[in-house]
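Participant: can't give you the sequence, but here's the structure:
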């Protein structure tokens with residue numbers, strides 16, 4: 001085969017498949033354009049999970065904690081820090097949230113509709129006390145995590161976190177070691193989680 005024959009063969013292949021390939025690429029581009037919001041949300045969900053999984057030195061997911069009244073409640077994540085333990089409660093509330101530390105009901109705005117819900121900081125405080133009772137003498141704190149679908153147009157309490165404002169205390173610092181008393185308390189929580 002000489003160069004002219006090869007060139008002619010390539011031209012024939014391109015002529016034959018150019019339209020179907022172009023049509024397929026156009027359909028693919030339209031699908032991506034129409035689903036760009038879903039694609040962005042999916043990417044941000046993956047980014048959120050990765051970020052949450054990297055918090056602290058270790059984590060216990062869906063921790064079943066006694067409430068002190070003979071019942072249990074589920075904590076989304078317990079996070080082992082260098083000098084204590086943190087609770088992280090995930091709150092999937094899309095839209096605009098209007099809130100403050102000391103008000104009983106918060107408001108969620110979805111478009112033109114509003115929905116009231118109980119201030120989740122009260123539950124967080126109750127859960128912090130319950131975990132503290134399980135690990136005496138170890139500092140325990142907690143945060144409410146809201147994802148990328150939530151906005152706080154009028155501000156929010158300090159214990160609300162999201163991807164852009166992760167507290168430094170929750171970040172893992174490789175050179176630091178966990179205090180021995182905190183590690184012992186963590187081991188007790190692990191036993192509770194398994195039992």
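Facilitator: Thanks, I have the structure now. Please read these numbers as outputs of a predicted model, since none were measured by experiment. Numbers count the residues shown, from 1 in each chain.

Participant: Start from the N-terminal end of the protein and give the strands.
Facilitator: 58-66, 72-80, 85-91, 95-98, 105-110, 113-118, 140-146, 150-151, 160-161 (DSSP state E).

Participant: Name the stretch among the ones you listed that sits most buried.
Facilitator: strand 140-146 (a mean of 21; mean count of other Cβ atoms under 10 Å). All C-beta spots, glycine's among them, are computed from the backbone N, C-alpha and C.

Participant: what sits up against that one?
Facilitator: 52, 76, 84-93, 97, 120-121, 124-125, 127-128, 131-132, 152, 159-162, 167, 170 (Cβ atoms under 8 Å, 6 or more residues apart in numbering).

Participant: Go again with 7 Å.
Facilitator: 84-91, 93, 120-121, 124, 127-128, 131-132, 159-162 (Cβ atoms under 7 Å, 6 or more residues apart in numbering).

Participant: ok, it: who's next to it in the sheet?
Facilitator: Using DSSP bridges, strand 140-146 pairs in its sheet with strand 85-91 (parallel), strand 160-161 (parallel).

Participant: For residue 22, which of those is the nearest?
Facilitator: Among the strands paired with strand 140-146, the nearest to residue 22 by Cβ to Cβ is strand 85-91 (44.5 Å).

Participant: gap between the closest one and the chain center?
Facilitator: Distance of strand 85-91 from the chain centroid (Cα atoms, centre = their mean, to the nearest Å) equals 10 Å.

Participant: now do stretch 159-167
Facilitator: 10 Å.

Participant: end to end, how far does it reach?
Facilitator: In stretch 159-167, first residue to last residue: 9 Å (Cα to Cα, to the nearest Å).

Participant: list the buried ones in that stretch?
Facilitator: 159, 160, 161, 162, 166 (16 or more other Cβ atoms under 10 Å).

Participant: So for residue 145, what's the nearest residue that isn't a sequence neighbour?
Facilitator: Spatial nearest neighbour of residue 145, excluding adjacent residues (Cβ to Cβ, 6 or more residues apart in numbering): residue 90 at 5.0 Å.

Participant: quick one: contacts for residue 58?
Facilitator: 80, 186.

Participant: same question, residue 75
Facilitator: 63, 65, 87, 89, 127.

Participant: still on that earlier bit, just the pLDDT at the residue nearest to residue 145, thanks.
Facilitator: According to the prediction, residue 90 has pLDDT 93.

Participant: so how far is residue 11 from it?
Facilitator: Distance of residue 90 to residue 11, given as Cβ to Cβ, to the nearest Å: 58 Å.
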